[in-house]
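Enquirer: return a 3D structure for these sequence lines:
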Amino acid sequence: MENENEHQTTLVGITGESNDCLHILANLYYEPVDPESVLSVVVRLAHKPDVKGNVIYSTETWCTSMDQSPGGGLFVVSMEGELHVFRQGAWRLLNLDCPSGLNSVWVATDNEAFAVGLKGERARIVGETVELVRDAEGRRLNCVHGSGPRNVFAVGDGGLIFRFDGVVWEELPALTESNLLTVLCKSEKEVYVGGAGGVLLHWNGVRWNVIRIAGIAEITITSIAFYRDTLYAAVGRAGVYVLRENVLEPIKDEVLYRLRSIDDLLFGIGNRLVLQYDGESWWGGDLDL
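Expert: Coordinates of the predicted model:
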């Protein structure tokens, strides 16, 4: 990536086991953005008391999402429709036959993962076997998550929601026309979906409920995480919101797009910024790669 201007860094995913064993997925590029020149890297990071990181993997591909298996394996998907997997000390590449690109990956077990794509593809990966379901209408899916391999939700544009029960994908009735960007499954009876326009939906195993937003609702929910049994939502430039008494309220004024609970901390990333929250205070700063 040779250019007289300084390259830009966008952090797009964070996983880990503890404060001193984190992995971050980042895209490095020059402006104006040319997808063909994006370099994606996976960085192993210790975040406090000292911020120390080193690149453990790089690919000349635009990667979009990363998750980690219970045994520590890393799973990364890309706009080339590929799955990059790190297990037993080595990286392997698996083509999922989704040339339009993949938006999200969720890992159910050490040997089973799910990914969704820009044309509505839903891929189940068991070992190196891929079960791929295509959407006849090519409707974009943005996020996939589950509480187990027999309870997986995928959400997308125009209020699109699919559920996988271990055998088939079922399309659920649309509750909104808004684009849905994130889904979090705590259990079969507790699922949260968020998206554009401040949409936040809760599934209790029987029906969907709408959670309202305090103040101005014109926000976009890009990520949801549970920390100490409390729901937090990243809303980009509007910061972080917390769910109290069935109402989302602002708690942190910082640009964050992804949240994840790791060990006993809540982590958030946005642009170059990495923050951690211990229930009382936030700490962090920009990560220079």
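Enquirer: residue 145: neighbour count?
Expert: By other Cβ atoms under 10 Å, the residues close to residue 145 number 24. For every residue, glycine as well, the C-beta is placed using N, CA and C.
Enquirer: other SSEs contacting the one helix or strand it maps to?
Expert: Here residue 145 sits within strand 141-148, counting by DSSP states H and E. Judged by 3 or more Cβ pairs under 8 Å, 6 or more residues apart in numbering; DSSP states H and E, strand 141-148 is in contact with strand 102-109, strand 112-117, strand 151-156, strand 180-187.
Enquirer: export those to a markdown table and tack on mean neighbour count?
Expert: As requested, the helices and strands packed on strand 141-148 are arranged in a markdown table below (neighbours: other Cβ atoms under 10 Å):
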| stretch | mean neighbour count |
| --- | --- |
| strand 102-109 | 23 |
| strand 112-117 | 26 |
| strand 151-156 | 24 |
| strand 180-187 | 21 |
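Enquirer: I'd like to know which of these is closest to residue 27.
Expert: Of all the helices and strands packed on strand 141-148, strand 102-109 sits nearest to residue 27, with 13.8 Å by Cβ to Cβ.
Enquirer: so in that sheet, which strands flank that closest one, and in what orientation?
Expert: strand 112-117 (antiparallel) (DSSP bridges).
Enquirer: that older thread, would a markdown table of the helices and strands packed on strand 141-148 with mean pLDDT and distance to residue 221 be doable?
Expert: Below are the helices and strands packed on strand 141-148 laid out as a markdown table (pLDDT from 0 to 100; distance: least, Cβ to Cβ, whole Å):
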| stretch | mean pLDDT | distance to residue 221 |
| --- | --- | --- |
| strand 102-109 | 98 | 15 |
| strand 112-117 | 98 | 18 |
| strand 151-156 | 98 | 11 |
| strand 180-187 | 97 | 6 |
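Enquirer: quickly list what the residue nearest to residue 84 when sequence neighbours are not counted is bridged to.
Expert: Excluding its sequence neighbours, the residue lying closest to residue 84 (Cβ to Cβ, 6 or more residues apart in numbering) is residue 76, at 4.2 Å. For residue 76, the beta-bridge partners are residue 66, residue 84 (DSSP bridges).
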